[in-house]
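K.L.:
Generate coordinates for the sequence data below:
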Amino acid sequence: MAKIKIAVVGVGNCAASLVQGIEYYRSGNNGQKNQKEHLGLMNYDLGGYLPEDIEIVAAFDIDKRKVGERFDAAINAKPNCVLPLYTHIPKSKFNVEMGPVLDGFSEHMKEYPSDRTFIIANKKPANVEKILKDSGAEIVLNYLPVGSQNATEFYAEACLKTGVSFINCMPVFIVSNPNWAKRFEEKRIPVIGDDIKAQVGATIVHRTLAKLFTDRGVTIDRTYQLNTGGNTDFLNMLNRSRLISKKISKTAAVQSQFATPLEEDNIHIGPSDYVPWQNDNKVCYLRMEGRGFAGFPFNLELRLSVEDSPNSAGCAIDAIRCCKLARDRKIGGSLISISAYTMKHPPKQIPDTEARELVKKFIQGTCPR
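P.N.:
Numbering: from 1, shown residues only. Next comes the predicted model:
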């Protein structure tokens, strides 16, 4: 199969985890393949494409410790703090380019030590459209910080102008916005989004429990999800004004599992606080209160601890390959099945088990999207 050439917007922890993961599975060719090929993957072979078929050919960032540096070096630069999952990363053939800053940086982050936050590079933004064309990128993977509305729309426009697909891993509503989706469909460009789920994270666990209780006849009266972490994502989200779309996305993902959505005062889902020493570790606290048989009270409390960035890479690696399949098949517009399976705010909310079956059918070619 041909390589899947992608460009990454935001050379942070998520990008670093994805690159390490690709190389980890590639290294399975040395005789350990049977041990590695299915470890931590929903699909090793997806329509003929393997994880190692993904090739990153361009990257954009705004931090001076990354801009102008070789990509393989940039993924290890501060403020990245991802665990070293696999360190044998080959030298990249390209350097990280300067992207437009726009609203991709929150001013409050200047108050924190430089090893915890961005240091904006004093460089002129690169010509994104030219780089996408010259690099041969087929897909842009958007890892911009939460709240980057204008910056996300800038890269979405660049994709429309160059015919490149857009996988939107953060909560700005592009793929789930009918106006944006229509523009991509008119140009026959497949897109996936919005706001990536973790492989097994706070949202997917919360959704699964909500569906379980509903299916088992338990009425949920109220619930909360509180999250803490120590990476730049959590630091960025201390600016509550940047969280509007994030809270909408996470709340809608859980509400969609109830037959009747909870009243606004009875559901709270969203980031809670930034704890520097947690680094890329995310801790989630869930509480669900409800009533079971004959109205007897039912309460659940759960604590989940995960490495945040590798958790998202487990979904991104499938989204990328499904997007490539759509390009091969000349399918344009929002990809409904893989968006529902891997994203919190897809164009159409579908229960996860059903979405998984639709993805299987999409891979086989029996489900159009």
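K.L.:
And the helices in the stretch 151-300 of the chain, which stretches?
P.N.:
178-186, 202-215, 232-236, 244-255 (DSSP state H, counting those that start in this stretch).
K.L.:
I meant the stretch 1-150 of the chain, not that one.
P.N.:
Counting by DSSP H, counting those that start in this stretch, one finds helices in the stretch 1-150 of the chain at the ranges 13-26, 33-36, 71-74, 128-135, 149-162.
K.L.:
what's the most buried one of these?
P.N.:
Mean neighbour count, computed with mean count of other C-beta atoms under 10 Å, is highest for helix 13-26 among the helices of the stretch 1-150 of the chain, reaching a mean of 23. In this view, the C-beta of every residue, glycine as well, is placed from N, C-alpha and C.
K.L.:
Can you work out which other helices and strands pack against that one?
P.N.:
Other helices and strands packing on helix 13-26, by 3 or more C-beta pairs under 8 Å, 6 or more residues apart in numbering; DSSP states H and E, are strand 54-61, helix 308-328.
K.L.:
at 6 Å instead, please
P.N.:
Contacting helix 13-26 under the criterion 3 or more C-beta pairs under 6 Å, 6 or more residues apart in numbering; DSSP states H and E are the following elements: helix 308-328.
K.L.:
Follow the chain on from the helix it packs on and name the next helix or strand.
P.N.:
Using DSSP states H and E, the helix or strand that directly follows helix 308-328 along the chain is strand 333-334.
K.L.:
And the contacts of that next one?
P.N.:
Residues from elsewhere that reach strand 333-334, judged by C-beta atoms under 6 Å, 6 or more residues apart in numbering: 175, 181, 184, 185, 191, 347.
K.L.:
now swap in stretch 123-135 and tell me
P.N.:
Residues from elsewhere that reach stretch 123-135 (C-beta under 6 Å, 6+ apart): 57, 58, 67, 97, 98, 100, 158, 161, 162, 164.
K.L.:
Farthest pair within these?
P.N.:
Of all pairs drawn from those, the one with the largest separation by C-beta to C-beta is 67 and 161; the distance is 22.7 Å.
K.L.:
Would you mind measuring from residue 350 to residue 186?
P.N.:
Taking C-beta to C-beta, to the nearest Å as the measure, residue 350 and residue 186 are separated by 24 Å.
K.L.:
the more surrounded of these two?
P.N.:
Per other C-beta atoms under 10 Å, whichever of residue 350 and residue 186 has more neighbours is residue 350, with 18 against 11.
K.L.:
Next up, the contacts around the more buried one.
P.N.:
Listed by C-beta under 6 Å, 6+ apart, the contact partners of residue 350 are residue 340.
K.L.:
Could you report the pLDDT at it?
P.N.:
The predicted local confidence for residue 350 comes out at a pLDDT of 96.
K.L.:
same deal with residue 31?
P.N.:
Here, the pLDDT recorded for residue 31 equals 46.
K.L.:
Over to the one 10 residues further on?
P.N.:
Note on residue 41: pLDDT of 91.
K.L.:
That one: neighbour count?
P.N.:
Under the criterion other C-beta under 10 Å, the count of neighbours that residue 41 has is 18.
K.L.:
now do residue 46
P.N.:
As a burial measure, the neighbour count of residue 46 was computed by other C-beta under 10 Å and equals 21.
K.L.:
now do the one 10 residues further on
P.N.:
When counting by other C-beta under 10 Å, one arrives at 24 neighbours for residue 56.
K.L.:
Identify the residues contacting it.
P.N.:
With C-beta under 6 Å, 6+ apart as the criterion, the residues that contact residue 56 are 6, 8.
K.L.:
and with 7 Å instead?
P.N.:
6, 8, 19, 71 (C-beta atoms under 7 Å, 6 or more residues apart in numbering).
K.L.:
residues contacting the closest residue to the last one other than its chain neighbours?
P.N.:
Nearest-residue entry for residue 71: residue 92, 3.8 Å, with adjacent residues in sequence omitted and distances by C-beta to C-beta, 6 or more residues apart in numbering. Applying C-beta under 7 Å, 6+ apart, we find residue 92 in contact with 70, 71, 72.
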